[in-house]
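Enquirer: here are the coordinates; sequence isn't available:
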């Protein structure tokens, strides 16, 4: 994939949002979108216990288990209307960071604020309903992320039902399926009748259904073929522009981030080693790890 | 909300799905035959199954008695038909109880916080270690001559085994991305259980329960054979085996009927389970395939 840095996000090209004004409860902060950052993350850390080393391996019974630091003291900000790419190799803690941002996991320390409000993971689904109405996710594997026992219509309607979105669910499902380029009759079929790229379109439709402000993509194109990958990236670009979505895109591929994000952060072993505007990061990487990642991007002649 | 209904997931859809598979058809036919026999025996049997008639001792089959008579002249066909009642009651009761106990144990071994869940897992491990038939024997000896003791003993014992297998399946499903996606979409635990966990463990559960029904039939026959089933006048396949066994070398054919009834019933339940599994598994269900990936 060719690396071609993208100019700052073209939100100005789409001044009309499809959000009706009634969609925004009055309880939300009255400030304009430019003032409060969408996400503010400060000093975020999360470690997981490693599996027990047996007593043969020298572990003592009752002793503390070794832990792996998945995310270490991460601080970052997603300004309103901005798009942030998080780049790093496998095991660098990107997916853990995504789970923490979505309130699906509890950090050991540090804070996450969405539009100024602290995000605290909870086992009660209604505690984070306010966050989920605004922040939706597209996961990596489109085969694994769609329940095989539900129709596409039921899958896409799930956030509408869970989040008590006050809208005609059937109509909204048709609307988002059309927006991601799926035929209208897709809603009555099961995921296994679709190809990988189409399945990822279904996952994107599900994420878009509750009209979020922020889309989080956890390696959304890594499981797809090269040709399909470009289509899905284009789709994500169009949708985020058209709906003025904030975007957090996690990828191991700098090319993907360069295509969709104006800001980028490079993660390694749970830490952010470098961040800044994507264009600057690509042309003048300062950290050796970023340079190594850049060198790892396969370059194809522009055709 | 219309979306969930479109997939033929209602009872009618499942029945049609089962009947589409060969094993499902055969299993449904065999199980249906047993149900029919039990129902018919309620209103009609060729003779009173307990009626003794010394003149008909060892009467040959296909004469006055369709399947012949035993030493006391009791009609074997009538005994088989009436015995289906006990067999079916034990199979259905045991399976229902095992399903409830199994699901309850499995869910409480994966959903609560770790200390509670671990406790349930250990409890199940201990319960699995109890020999099923021995417990049933003890219960039957303490409360003799009642069908429900058999059902309770078998339902508890088999339910624990169902729970163990179901727990593994639940853990597998809980770790999937679609459960993660559902949580990210705002689904609470109750919804995830109803909408994602239960439908996705259903295929395994059906197979488990069909095997359970088969085991229950065999276990009931074994208890009756040992004289710990329902009290003597009521006919039972297991006791027929017991009563006829001494004449195995003299009249090998009469022993065939209750044995055949047991084998066909177990086979029927197992095949029905296969059919249910195939019908419930979307990967085995024929579906229209869409064209190649192309963005319009």
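Expert: Everything's here; your move. Owing to the predicted nature of the structure, the values given are computational and were not obtained by experimental measurement.
Enquirer: So the nearest residue to residue A:296 once chain neighbours are set aside versus residue B:120, what's the distance?
Expert: Distances taken as C-beta to C-beta, 6 or more residues apart in numbering or on different chains place residue A:254 nearest to residue A:296, at 8.0 Å, with adjacent residues excluded. C-beta here means a position set from N, CA and C on the backbone, and glycine is covered the same way. Counting by C-beta to C-beta, to the nearest Å, the gap from residue A:254 to residue B:120 is 47 Å.
Enquirer: neighbour count winner among those two?
Expert: Each of residue A:254 and residue B:120 has its neighbours counted (other C-beta atoms under 10 Å in any protein chain shown); residue A:254 has more, 24 against 20.
Enquirer: Hmm, residue A:289 and the more buried one touching each other?
Expert: No - assessed by C-beta atoms under 8 Å, residue A:254 is found out of contact with residue A:289, at 11.5 Å.
Enquirer: Could you look up the SS state of residue A:86?
Expert: strand (DSSP: H, G, I helix; E, B strand; the rest coil).
Enquirer: what pairs with it across the strands?
Expert: Counting by DSSP bridges, residue A:86 forms beta bridges with residue A:250, residue A:265.
Enquirer: That one reaches residue A:97, doesn't it?
Expert: Yes - with contacts counted by C-beta under 8 Å, residue A:86 reaches residue A:97, the gap being 6.7 Å.
Enquirer: how about the residues of the stretch 101-250 of chain B near chain A?
Expert: The interface of the stretch 101-250 of chain B toward chain A, taken as C-beta under 8 Å from any C-beta of the partner chain, is made up of B:176-178, B:180-189, B:191, B:195-196, B:199-200.
Enquirer: and for residue A:86 and residue A:97, which residues touch both?
Expert: Residues touching both residue A:86 and residue A:97 (C-beta atoms under 8 Å, 6 or more residues apart in numbering or on different chains) are A:250, A:267.
Enquirer: after the host helix or strand of residue A:98, next one along is what?
Expert: According to DSSP states H and E, residue A:98 maps onto helix A:94-101. Heading C-terminal from helix A:94-101, the first helix or strand you meet, by DSSP H and E, is strand A:109-114.
Enquirer: how far out from the middle of the chain is that following strand?
Expert: Put simply, strand A:109-114 sits 17 Å off its chain's centre (C-alpha atoms, centre = their mean, to the nearest Å).
Enquirer: Please name the bridge partners of the most centrally placed residue in chain A.
Expert: Nearest to the mean C-alpha position of chain A, counting by C-alpha atoms, centre = their mean, stands residue A:216 at 1.8 Å. Per DSSP bridges, the residues bridged to residue A:216 are residue A:137, residue A:248.
Enquirer: wait, doesn't it sit right on residue A:137?
Expert: Yes - the pair residue A:216 / residue A:137 is scored as a contact, 4.5 Å apart, by C-beta under 8 Å.
Enquirer: shared neighbours, the two?
Expert: A:98, A:102.
Enquirer: Can you name the residue of the stretch 151-300 of chain A nearest chain B?
Expert: Nearest to chain B, among the residues of the stretch 151-300 of chain A, is residue A:153, at 3.0 Å (C-beta to the nearest C-beta).
Enquirer: That residue is in contact with residue A:185, isn't it?
Expert: No - taking contacts as C-beta under 8 Å, residue A:153 lies outside contact range of residue A:185: 10.0 Å.
Enquirer: Just the pLDDT for the nearest residue to residue B:25 once chain neighbours are set aside.
Expert: Of all residues not flanking residue B:25 in the chain, residue B:19 sits nearest, at 5.7 Å (C-beta to C-beta, 6+ apart). Confidence per residue is given as pLDDT, and for residue B:19 that number is 84.
Enquirer: For residue B:19, give me its contacts.
Expert: Contacts of residue B:19 (C-beta under 8 Å, 6+ apart): B:25, B:28, B:275.
Enquirer: rewinding a little: residues touching the helix holding residue A:98, excluding its own?
Expert: A:39, A:41, A:44, A:46, A:70-71, A:74, A:86, A:88, A:105-107, A:112, A:119, A:135, A:137, A:216, A:218-219, A:248, A:250, A:252, A:267, A:270.
Enquirer: what ranges do the helices span in chain B?
Expert: B:11-20, B:22-43, B:76-110, B:114-129, B:132-142, B:147-174, B:177-184, B:189-192, B:198-225, B:237-244, B:252-280 (DSSP state H).
Enquirer: out of those, nearest to residue A:146?
Expert: Residue A:146 lies closest to helix B:177-184 among those, at 5.8 Å (C-beta to C-beta).
Enquirer: Which neighbouring elements make contact with the closest one?
Expert: strand A:135-138, helix B:189-192 (3 or more C-beta pairs under 8 Å, 6 or more residues apart in numbering or on different chains; DSSP states H and E).
Enquirer: Of these, flag the one that's most buried.
Expert: Among these, the stretch with the highest mean neighbour count (mean count of other C-beta atoms under 10 Å in any protein chain shown) is strand A:135-138, at a mean of 27.
Enquirer: And it, what does it pack against?
Expert: helix A:196-208, strand A:214-218, helix B:177-184.
Enquirer: pretty sure residue B:94 is touching residue B:214, no?
Expert: No - in this structure, residue B:94 is not within contact of residue B:214 by C-beta under 8 Å, at 10.4 Å.
Enquirer: what pLDDT does residue A:64 get?
Expert: For residue A:64, pLDDT reads 64.
Enquirer: mind showing which ranges of the chain have poor pLDDT?
Expert: Defaulting to chain A. A:1-34, A:52-64, A:297-303 (pLDDT under 70).
Enquirer: you looked at the wrong chain, it should be chain B
Expert: For chain B (pLDDT under 70), the answer is B:1-13, B:145, B:281-296.
Enquirer: let's go with 80 and repeat that
Expert: B:1-15, B:50, B:56-68, B:70-73, B:133, B:140, B:144-147, B:227-234, B:277, B:279-296 (pLDDT under 80).
Enquirer: Return the residues in contact with the residue positioned nearest the centre of it.
Expert: Centroid check for chain B by C-alpha atoms, centre = their mean gives residue B:213 as the closest residue, at 1.7 Å. Shown in contact with residue B:213 (C-beta under 8 Å, 6+ apart): B:91-92, B:94-95, B:269, B:273.
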